[in-house]
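Chemist: just the structure for this:
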Amino acid sequence: MKAYLSLLGGLICAGGSLFASGIDATATYTDSLISPGEYQYDLTLNNVGTTTIGTFWFSWIPGAGFLSVTPTDVTSPTGWKDVITNSGAAILWTTTSDLLEPGNSVTGFEFDSTLTPSELQMNFAGPGLGASDPVTTTFVYIAAPLADPGAQIVATPAVASTPEPTTLFITALGLGLIVLSSTLLRRCKKSAGQLQTANG
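Modeler: Model prediction:
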């Protein structure tokens, strides 16, 4: 009986995995400081599912956008088009001619913003729908937006974010203190050695 239950449990788990397969993706982004207080964000979309992807809706869940600052200079990969939605709080990229096939990736989703990298990595403060979701929460769809259940993902930094001025200052101050303390320690040891030699 236990063996049958174990087998049944395994089949149920396997069935769940099969049903869960379909549209799935990951997204990463890099940032660069392009002028004082303004960053450029470059996103990469990776299709890790078994269906095509024709919609990439960034910083959005059905009914809510999370960007607190309207993005500027939005650009799209070849074959994709972009539109800012939710009164400037999200970016919708779609394609009908260059659907992203399973196992492939596409780059070229770009926008500029005064949002800092650390602000982009925060959770949406609300109020309303999606409060406490990451700001980079994103939806992908097989083809047209809202034409299928889609998949909710979170875009993550691909590399270390561009240090902000305050971070650079603190880092430099910390390194300076380390060098200073090391120099003082060497001098103390040297003085102690000279004193011991003189007393000896």
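
Chemist: what are the ranges of the helices in this protein?
Modeler: Ranges of helices within the chain are 2-20, 117-120, 165-199, based on DSSP state H.

Chemist: poorly predicted segments of the protein, please.
Modeler: In the predicted model of the chain, residues 1-21, 160-200 satisfy pLDDT under 70.

Chemist: domain map for it?
Modeler: Listed by automatic domain parsing, the domain ranges of the chain are 20-157, 163-193.

Chemist: quick one: those as TSV, columns for mean neighbour count too.
Modeler: Every C-beta, even on glycine, is put in place using the N, C-alpha and C of the backbone. Shown next, in TSV, are the domains of the chain (neighbours: other C-beta atoms under 10 Å):
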stretch	mean neighbour count
domain 20-157	17
domain 163-193	11
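
Chemist: I figured Ser129 was touching Ala64, is that so?
Modeler: To be clear, residue 129 is Leu; Ser isn't right here. Yes - under the criterion of C-beta atoms under 8 Å, Leu129 makes contact with Ala64 at 4.1 Å.

Chemist: got the phi/psi numbers for the nearest residue to Ser68 once chain neighbours are set aside?
Modeler: Leaving aside its sequence neighbours, Ser68 sits nearest to Leu115 (C-beta to C-beta, 6 or more residues apart in numbering; 6.9 Å). Main-chain dihedrals, Leu115, degrees, to the nearest 10: phi -70, psi 130.

Chemist: quick one: Leu115 from Pro149, how far?
Modeler: As judged by C-beta to C-beta, to the nearest Å, Leu115 and Pro149 stand 29 Å apart.

Chemist: repeat that for Ser87.
Modeler: Ser87 is 25 Å from Pro149, where distance means C-beta to C-beta.

Chemist: Val106 too?
Modeler: Note on Val106: its distance to Pro149, by C-beta to C-beta, is 22 Å.

Chemist: and the closest residue to Gly49 other than its chain neighbours, what does it touch?
Modeler: In space, and not counting its chain neighbours, Gly49 is closest to Asp24: 3.4 Å by C-beta to C-beta, 6+ apart. Residues counted as contacts of Asp24 (C-beta atoms under 8 Å, 6 or more residues apart in numbering) are 47-50, 151, 153.

Chemist: leaving out chain neighbours, which residue sits closest to Pro77?
Modeler: In this structure, Pro77 finds its nearest non-sequential neighbour in Gly108, 3.4 Å apart by C-beta to C-beta, 6+ apart.

Chemist: with Val83 instead?
Modeler: What sits nearest to Val83 in space, not counting adjacent residues and going by C-beta to C-beta, 6+ apart, is Leu92, at 5.1 Å.

Chemist: using CSV, list the CA coordinates for stretch 82-91.
Modeler: The C-alpha coordinates for stretch 82-91 follow below in CSV (Å, rounded to 0.1, in the frame of the first residue of the first chain):
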residue,chain,number,x,y,z
ASP,A,82,7.2,49.9,-27.2
VAL,A,83,4.5,51.9,-25.5
ILE,A,84,4.5,53.5,-22.1
THR,A,85,1.4,52.4,-20.1
ASN,A,86,-0.2,53.0,-16.7
SER,A,87,0.3,56.8,-16.9
GLY,A,88,4.1,56.4,-17.2
ALA,A,89,4.4,53.6,-14.6
ALA,A,90,5.2,50.7,-16.9
ILE,A,91,6.6,49.8,-20.4
